[in-house]
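[1] Would you be able to build a 3D model of this:
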Amino acid sequence: MLVNDDPITGYEIDQRQRFMAMSTNIGERAQANFKRALQDPSVSERLKGILGQIIEANKGKTKAQILAIFEERKKQFALGLQKQAMESARASVFPALRKQALDELVEERLKMQEAKRLNVTASEEDVGRIVKSIAEKNKMTEAQFAQHLSSMGSDIEAMRARFRSTMSWNEVIKRKYGHQIAISERDVERMVSQGPAVDDQVELQIQRIVLPIAGKLAQKSVDARVAEAEAMRAKFSGCSSMAGLSGGIAGAKFEDLGTRKAGTLSEPTRSFLINAKDGEMVPPTVGSSGVELYAVCGRQVVKADEQKRTAALEELRQKEFELFAKRHLRSLRDEATCRFVADAGVTAAKDCNLRSAANKTTQ
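    All right, here's what the predicted structure looks like:
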């Protein structure tokens, strides 16, 4: 395949398939294949044959010497079975990985071409540091790690190419869109406040209207009060109007509850209020006092752990980063496709360019 005249070879696709296969359950499949091979009756017969060949070829040697030779041959035989088991496991997953491998290589070509255009290509030293770090985590030298990958059927260059592309692409997006990625303190506080482990750190300024249910708690009485509550909610225009809504409704009681920690509220009211916007009234709920209507008038994170805030900020930035990255890559693919179809004729190229322009407008 050609990507803007930059070729992708069959060898590269094969190597990328092999590298991607390492992250599947190929090891478990290979182990299962190896166990089945060992249980095959023919294995015992083959080992007997090997022993007979060794005895015949080493007449005059002691029993200990012959057994030592046989042990070495058994190891080689077992390694051969393991290799066959691995190849069989790899063959079972390869067809499904081919398209994924090709798509990934196409995207890498586009990413690297853009990185070269902007002169932000990752250096070999930077890539080498990541590979070295992975090798050290696996208690290997880089050479040993490369050999380990080779024994698994993959060239270490496939790993290096993926890292090189990812690092270069990150720099492309930072260069082009970094100034557009802006996360507000409000966004961070909202994310921290919505985390299940930090609800007690959120203080909500809330108001409530209670519509008591007289007599027995009958379904008809509950439905009537809920209908009244929904009518009041439809008229709600902000916390300043909350007190006035209760006027004219028999038994309705308005309360300014002030500031409450989210963790002190019961469900589902707590979740409704945490997820509501400031100045919003949530749907009515039935509580111990009757039908309740709550409104959120403000909130603050009172003691959010700095580590949680940092993590929330990073997560929000990453989401924005990935959004820009996805859009830009789609744009590059559209442009590359348009160059390719240009040879098909003026009309086809014109249509393609119109679609590409439409995509950019959508972005």
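[2] So for the top helix by length along the chain, mean pLDDT?
    Secondary structure assigned by DSSP state H gives helix 63-118 as the longest helix of the chain. The average of the pLDDT scores along helix 63-118 is 86.
[3] Equivalent analysis for stretch 337-345, please.
    For stretch 337-345, the per-residue pLDDT averages 67.
[4] next one: stretch 235-243
    Here the average pLDDT along stretch 235-243 is 87.
[5] Endpoint to endpoint, it covers what distance?
    Start and end residues of stretch 235-243 are separated by 12 Å (CA to CA, to the nearest Å).
[6] That one: how far from the chain's middle?
    42 Å (CA atoms, centre = their mean, to the nearest Å).
[7] Name the residues that touch that stretch?
    For stretch 235-243, contacts defined as CB atoms under 8 Å, 6 or more residues apart in numbering pick out 207, 209, 245, 254, 256, 279, 281, 295, 297. Where you see a C-beta, it was placed from the backbone N, CA and C, and this is true even at glycine.
[8] Could you list the low-pLDDT ranges of the stretch 201-350 of the chain?
    When residues are selected by pLDDT under 70, those of the stretch 201-350 of the chain lie in 201, 215-218, 288, 302-307, 341-350.
[9] and if we set it to 50?
    346-349 (pLDDT under 50).
[10] what ranges do the strands span in it?
    For the stretch 201-350 of the chain, the strands defined by DSSP state E, counting those that start in this stretch cover 202-211, 253-261, 280-281, 285-287, 290-301.
[11] what comes into contact with stretch 223-230?
    By CB under 8 Å, 6+ apart, stretch 223-230 touches 209, 211, 213, 249, 284, 286, 290-291, 293.
[12] can we see that at 7 Å?
    Residues outside stretch 223-230 that contact it (CB atoms under 7 Å, 6 or more residues apart in numbering) are 211, 213, 249, 284, 290-291, 293.
[13] Need the max-distance pair from the residues you listed.
    Ile213 and Leu293 (13.8 Å; CB to CB).
[14] Just name the closest of the contacts of stretch 223-230 to Ala21, please.
    Using CB to CB, those come closest to Ala21 at Pro284, 55.5 Å.
[15] quick one, what contacts the closest one?
    So Pro284 contacts 226, 229-230, 233, 291-293 (CB under 7 Å, 6+ apart).
[16] Apply 10 Å and report the result again.
    Applying CB atoms under 10 Å, 6 or more residues apart in numbering, we find Pro284 in contact with 209, 211, 225-230, 232-233, 290-294.
[17] and what of Ala336?
    2-6, 106, 109-110, 113, 356.
[18] could you measure it against Pro7, distance?
    To Pro7, Ala336 is 14 Å away according to CB to CB, to the nearest Å.
[19] what residues do these two have in common as contacts?
    By CB under 10 Å, 6+ apart, the residues touching both Ala336 and Pro7 are Arg109.
[20] now the farthest one out in this protein, which residue is it?
    Gly60 (65.1 Å; CA atoms, centre = their mean).
[21] which stretch of helix or strand covers that one?
    Here Gly60, judged by DSSP states H and E, is contained in no helix and no strand.
[22] any idea how far it is from Glu314?
    For Gly60, the distance to Glu314 - CB to CB - is 73 Å.
[23] Equivalent analysis for Lys308, please.
    11 Å.
[24] for Ile183, same thing?
    9 Å.
[25] Name the residue in those two with the higher neighbour count.
    Ile183 (16 against 13; other CB atoms under 10 Å).
[26] what residues are up against that one?
    Ile183 neighbours (CB under 10 Å, 6+ apart): 191, 312-317, 319-320.
[27] ok, how many other residues are close to the closest residue to it other than its chain neighbours?
    Distances taken as CB to CB, 6 or more residues apart in numbering place Leu316 nearest to Ile183, at 4.7 Å, with adjacent residues excluded. Using other CB under 10 Å, Leu316 is surrounded by 17 other residues.
[28] What residue spans form the domains of the protein?
    With domains defined by automatic domain parsing, the chain comprises 2-179, 199-301, 306-362.
[29] okay if I get the ones you listed as a markdown table plus distance to Asp187?
    A markdown table is the format used below for the domains of the chain (distance: least, CB to CB, whole Å):
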| stretch | distance to Asp187 |
| --- | --- |
| domain 2-179 | 17 |
| domain 199-301 | 12 |
| domain 306-362 | 6 |
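[30] can you give me the helices for the stretch 101-250 of the chain?
    124-137, 142-151, 156-177, 185-194, 219-235, 242-245 (DSSP state H, counting those that start in this stretch).
[31] Can you check which of those gets nearest to Arg73?
    helix 142-151 (20.2 Å).
[32] What angle do helix 63-118 and the closest one make with each other?
    Angle, helix 142-151 to helix 63-118, by axes from the mean of the first three to the mean of the last three CA atoms, to 10 degrees: 100 degrees.
[33] what mean pLDDT does helix 142-151 have?
    89.
[34] What lies in contact with it?
    For helix 142-151, using CB under 10 Å, 6+ apart, the contacting residues are 18-19, 22, 82-83, 86, 128, 131-132, 134-141, 154-160.
[35] Next up, the contacts around Arg73.
    Contacts of Arg73 by CB under 10 Å, 6+ apart are 47, 50-51, 53-54.
[36] Select from these the one having the most neighbours.
    Ile54 (18 neighbours).
[37] Tell me if I am right that that residue is in a helix.
    Yes. When classified by DSSP: H, G, I helix; E, B strand; the rest coil, Ile54 is found to be part of a helix.
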